[in-house]
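Engineer: quick one: sequence plus predicted model below, questions after.
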Amino acid sequence: MSGQIVAEPVTSLAGTATHNELREPVGRAVVWTAAITALGGLLFGYDTGVISGALLFLHTSFGTVSSFDKELVTSLLLVGAAAGAFGSGRLADLIGRRSVILITAAVFVLGVVGAALSPTFCVLVVMRFVIGLAVGSASMAVPLYISEVAPPRVRGALVSFNQLALTSGILVSFLVDYALSSSADWRLMFGLATIPGVLLFIGMLTQAESPVWLVTHGRIADARKVLERVRSADHDIDGEIDEIRAVSNRSTSYRELLAPDVRKLVAIGVTLAVFQQVTGINTVIYYAPTLLHQAGLGNSASLLANVGNGIVNVGMTIVAIWLIDKVGRRVLLISGTVGMAIALFVVAATFAVSGNTLGHTASIIAVVSLVAYTGSFAIGLGPVFWLLISEIYPARIRGKSMSIATMANWGANFVVAVTFLTLLNAISNAGTFLLMGLFSLVAVAYFWRKVPETKGMTLEAIERQVA
Ligand code: BGC
């Protein structure tokens, strides 16, 4: 692509950034801002995770719950999330990033309370859709907001707080499901999510609007105030404002996403989104324990594998946060995805040799490979996808472009969720993991050729480079 930023120009471009942020100390205020906003990731992770445990107990309130009902209540969240991601992009460009996150938190709390109190199954299904709207919106708006507030030197780490909160949310949801399973209290499983929802709302009230959005909307004095708070004392604030001004002009139309240069970037975001899902992360996180159980692993061993996998997901995300601004996005993305491919091929080979029922040694190989797969995702494609889509788009259309990529992510998540079990039946466990491994290989080739390096650059320098 013409606007591709490759490893070598990055160094020179970052060096020519008009404000000298790369050596400045990082203030506590901005880390705090990122941490509060990342609560949005917790909602995302908790709510996508909690359903697996809650499903087991819905019949205690609603009588018979068919497989179709279960699929409906699970996957409507994904449909809602795609819709929420789409709607909130335009809104984020129009009314601001912070306002969208505030609305999102309010809608989320409404949905969660509604779900927890659902008098009928129908109400529960509707509430899952409402929660989905908020989860989709948060998944787009949180990385967007953090990337615009963060100094370039640590932007990768701060935006990836969101992925850390997300993976922690999944882990917490597993533990809550486990803890509440003896009381069969599915309402409390859902209801506990009000805590991060309310915290996000209150936290965001204490935060200011994104400085990039303020400049784009001509509110220079307000932008200056925010920058004074989130930048170090000797930072060249006027320089940064001038730089944002130089690349920003407002737009209100989706048509602009079709302009040749922007179109290429939109295609990169959408392709990354689809690869993130078709390489199978959610099937491994949510179905692997069932699969291993069916393959002969005992109950508690399956549960342990599940929690172990969740812990590795969180742990390797922390490693990614530590590395992402040092070694860059491309190294993590490419090496992580190679790791995923290798692990998936080993799982496929294990099933191919042993059939769908694994013996003792084969079970151990499968579990270790699945955990290695999750770790490889967590260090690469997991955080890097959300980070890159918050970095590569011009400010004037950042909200809209991110919402398209985010919508593609939820759409692909939905398609994988509804086809996975059919796929297992049609082409066996070995065939399914082989397919996901092949997708990972194709992804590696694509990332190698197309994905830009953005480490250490200001968003404006990235924009100048790709425009
Ligand atoms: C993905 C989610 C996934 C999660 C797992 C995220 O980056 O977008 O679909 O559930 O990672 O850690």
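Structural biologist: That came through fine.

Engineer: in stretch 223-239, what counts as buried?
Structural biologist: Neighbour counts using 16 or more other Cβ atoms under 10 Å place 223-224, 226-227, 230-231, 235-237 of stretch 223-239 among the buried residues. For glycine as for every other residue, the C-beta is placed from the backbone atoms N, C-alpha and C.

Engineer: pretty sure A378 contacts N313?
Structural biologist: Yes. Assessed by Cβ atoms under 8 Å, A378 is found in contact with N313 at 4.9 Å.

Engineer: shared neighbours of the two, anything?
Structural biologist: Here A378 and N313 have T167 as joint contacts, going by Cβ atoms under 8 Å, 6 or more residues apart in numbering.

Engineer: mind telling me which residue of this structure is nearest the ligand?
Structural biologist: Nearest residue of the chain to the ligand: G382, at 4.1 Å (Cβ to the nearest ligand atom).

Engineer: wait, what's in contact with L175?
Structural biologist: L175 neighbours (Cβ under 8 Å, 6+ apart): V307.

Engineer: next secondary structure after the helix or strand it falls within?
Structural biologist: For L175, the element it lies in under DSSP states H and E is helix 155-180. As assigned by DSSP H and E, the chain's next helix or strand after helix 155-180 is helix 186-191.

Engineer: so which elements touch that next one?
Structural biologist: Helix 186-191 is packed against helix 39-54, helix 59-62, helix 97-117, helix 155-180, with contacts defined by 3 or more Cβ pairs under 8 Å, 6 or more residues apart in numbering; DSSP states H and E.

Engineer: go with 6 Å
Structural biologist: With contacts taken as 3 or more Cβ pairs under 6 Å, 6 or more residues apart in numbering; DSSP states H and E, helix 186-191 sits against helix 39-54, helix 97-117, helix 155-180.

Engineer: give me the distance from the shortest one to the chain's centre.
Structural biologist: Spelled out, it's helix 39-54. The chain centre lies 12 Å from the centre of helix 39-54; the measure is Cα atoms, centre = their mean, to the nearest Å.

Engineer: got the contact list for that helix?
Structural biologist: The contact list for helix 39-54, computed with Cβ atoms under 6 Å, 6 or more residues apart in numbering, reads 74, 108, 131, 135, 138-139, 142, 162, 165-166, 169-170, 172-173, 177, 186, 189, 193, 196, 199-200, 286.

Engineer: among the buried residues of stretch 223-239, which ones are in helices?
Structural biologist: 223-224, 226-227, 230, 237 (DSSP state H).

Engineer: what subset of the residues you listed is also close to the ligand?
Structural biologist: Among those, not one lies near the ligand by Cβ under 6 Å from any ligand atom.

Engineer: so which of the contacts of helix 39-54 also contact the ligand?
Structural biologist: Applying Cβ under 6 Å from any ligand atom to these, those adjacent to the ligand are L166.

Engineer: out of the contacts of helix 39-54, which are buried?
Structural biologist: Among these, those scoring as buried are 74, 108, 131, 135, 138-139, 142, 162, 165-166, 169-170, 172-173, 177, 186, 189, 193, 196, 200, 286 (criterion: 16+ other Cβ under 10 Å).

Engineer: low pLDDT regions in the stretch 201-350 of the chain?
Structural biologist: Residue ranges of the stretch 201-350 of the chain with pLDDT under 70: 248-252.

Engineer: tell me which parts of it are close to the ligand?
Structural biologist: Counting by Cβ under 6 Å from any ligand atom, the residues of the stretch 201-350 of the chain that sit close to the ligand are 276, 281-282, 285, 313.

Engineer: the residues you listed: which two are farthest apart?
Structural biologist: Q276 and N313 (13.9 Å; Cβ to Cβ).

Engineer: is L133 in contact with A81, as I believe?
Structural biologist: No. Assessed by Cβ atoms under 6 Å, L133 is found out of contact with A81, at 7.3 Å.

Engineer: so for those two, which residue has more residues nearby?
Structural biologist: With neighbours defined as other Cβ atoms under 10 Å, L133 and A81 compare such that A81 has more, 31 against 25.

Engineer: next, the angle helix 39-54 makes with the helix or strand where the more buried one lies.
Structural biologist: Assessed by DSSP H and E, A81 sits inside helix 67-95. Here helix 67-95 runs at an angle of 170 degrees relative to helix 39-54 (axes from the mean of the first three to the mean of the last three Cα atoms, to 10 degrees).

Engineer: let me know the pLDDT of E21.
Structural biologist: On the pLDDT scale, E21 is placed at 51.

Engineer: same question for V198.
Structural biologist: Listed pLDDT for V198 reads 96.

Engineer: nearest residue to it in space, ignoring adjacent ones along the chain?
Structural biologist: Computed as Cβ to Cβ, 6 or more residues apart in numbering, the closest residue to V198 that is not its neighbour in sequence is V109, at 6.1 Å.

Engineer: you'd agree that neighbour is up against P196?
Structural biologist: No. The criterion here is Cβ under 6 Å, and V109 misses it with P196 at 9.6 Å.

Engineer: tell me the angle of the one helix or strand A461 maps to relative to helix 155-180?
Structural biologist: In this structure, A461 sits in helix 459-466 according to DSSP H and E. Relative orientation of helix 459-466 and helix 155-180, computed by the same axes, to 10 degrees: 110 degrees.

Engineer: which helices and strands does helix 459-466 pack with?
Structural biologist: Applying 3+ Cβ pairs under 6 Å, 6+ apart, we find helix 459-466 packed against helix 237-247.

Engineer: the helix it packs on: which residues count as buried?
Structural biologist: 237, 240-241, 243-245, 247.

Engineer: quick check: residues of the stretch 351-467 of the chain near the ligand?
Structural biologist: 382, 386, 409, 413.
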